[in-house]
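Chemist: got a predicted structure here, sequence first:
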Amino acid sequence: TNEMSEITHCLFLSRSNEQPIEISEIGMEKNVSPLGSSSDPSTDTTGFYIWGASIVMSRWLVNDSNIINEHDSVLELGAGCGTIGISLSTHKKPRKVTLTDINKLTLENLKRNVAKNSDAANISVEYLNWCDERSFPDEKFDVLIGCDIIYGEEFVDDIFNVVNKLLTAKGKFLICYPNSNRFGIQKFTEKTLRKGSFLRLKTEEIAPENLKGNPFAFDQLAVDAT
């Protein structure tokens, strides 16, 4: 088995609040692919790490967006270390935030990260396998979030299905991804543009530079935001 270590980061993601959130990553001593086995989604270990897109999306939702408010129920697909959901729960206070993933160790780390952040309210961690509807929650959500969850065309149909099953009729699916080296994004976009698709692309934006600064220092965030 691979020996694993843990490192905890203090991330300053809100411009108006000097209080950081604490997020731990799981490290693996042996260099193995985080994608796991294509035949067994539970071996995917991408959730062990904090990915850059989650910093960008957290800052956008917390600082620059009024898309999510205190009346919303939110579910994050492939929450990984929980950066986005914990940021939202801490700073925007939706009525409910559900963080989901599939890997056992990822889920355990998610629970630890939630416990580290006492200001995070109304937040829970749940197992969710996009390929198995038996694992889907019974309820629907006002907002679904997917951050850097498409890195192959094989994921697109399953993501469409889970969004269709879990999003309310007037709900929003918010997705963030790097603009290069992510196979499957074109297929996803094309599906949203097809006639009759339940999911329609409303807006598409490139993240501004002020969302990409150093998350480890409040002073740097303040400088980047000016």
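Modeler: Great, that's in hand.

Chemist: could you point out which element follows the top helix by length along the chain?
Modeler: Using DSSP state H, we find that the single longest helix of the chain is helix 104-116. Counting by DSSP states H and E, the next helix or strand C-terminal to helix 104-116 is strand 123-127.

Chemist: sheet partners, orientation included, of that following strand?
Modeler: Here strand 123-127 has these sheet partners by DSSP bridges: strand 96-101 (parallel).

Chemist: so which residues make contact with the partner strand?
Modeler: 47, 72-80, 82, 85-86, 88-89, 107, 110, 114, 120, 122-128, 137, 141 (Cβ atoms under 8 Å, 6 or more residues apart in numbering). (Glycine included, C-beta is placed from N, CA and C.)

Chemist: run the last query once more with 6 Å
Modeler: For strand 96-101, contacts defined as Cβ atoms under 6 Å, 6 or more residues apart in numbering pick out 47, 73-76, 78-79, 82, 85, 88-89, 107, 110, 122-126, 128.

Chemist: contacting residues around Glu209?
Modeler: The contact partners of Glu209, by Cβ under 6 Å, 6+ apart, come to none.

Chemist: returning to what we had before: buried subset of the contacts of strand 96-101, written for ChimeraX?
Modeler: The buried subset of the contacts of strand 96-101, as determined by 16 or more other Cβ atoms under 10 Å, is captured in ChimeraX by this line:
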select :47,73,74,75,76,78,79,82,85,88,89,107,110,123,125,128
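
Chemist: okay, now Gly213: neighbour count?
Modeler: Using other Cβ atoms under 10 Å, Gly213 has 18 neighbouring residues.

Chemist: any idea how far Leu11 lies from Ile21?
Modeler: Distance, Leu11 to Ile21, using Cβ to Cβ, to the nearest Å: 5 Å.

Chemist: ok, those two, which is more surrounded?
Modeler: Ile21 (26 against 22).

Chemist: would you confirm that the more buried one contacts Lys116?
Modeler: No: at 8.1 Å, Ile21 does not count as touching Lys116 under the criterion of Cβ atoms under 6 Å.

Chemist: could you list the low-pLDDT ranges of this structure?
Modeler: Within the chain, the stretches with pLDDT under 70 are 1-4, 17-18, 28-43, 65, 180-181, 217-226.

Chemist: mind giving me the packing neighbours of the strand ranked longest in the chain?
Modeler: Across the chain, the longest stretch assigned as strand under DSSP state E is strand 167-176. Counting contacts by 3 or more Cβ pairs under 6 Å, 6 or more residues apart in numbering; DSSP states H and E, strand 167-176 packs against strand 141-147.

Chemist: go again with 10 Å.
Modeler: Contacts defined by 3 or more Cβ pairs under 10 Å, 6 or more residues apart in numbering; DSSP states H and E place strand 167-176 against helix 52-59, strand 73-77, strand 141-147, helix 156-166, helix 185-193.

Chemist: I'd like to know which of those is closest to Ala207.
Modeler: helix 52-59 (4.9 Å; Cβ to Cβ).

Chemist: quick one: distance of that closest one to the chain centre.
Modeler: Chain-centre distance of helix 52-59: 9 Å, with Cα atoms, centre = their mean, to the nearest Å.
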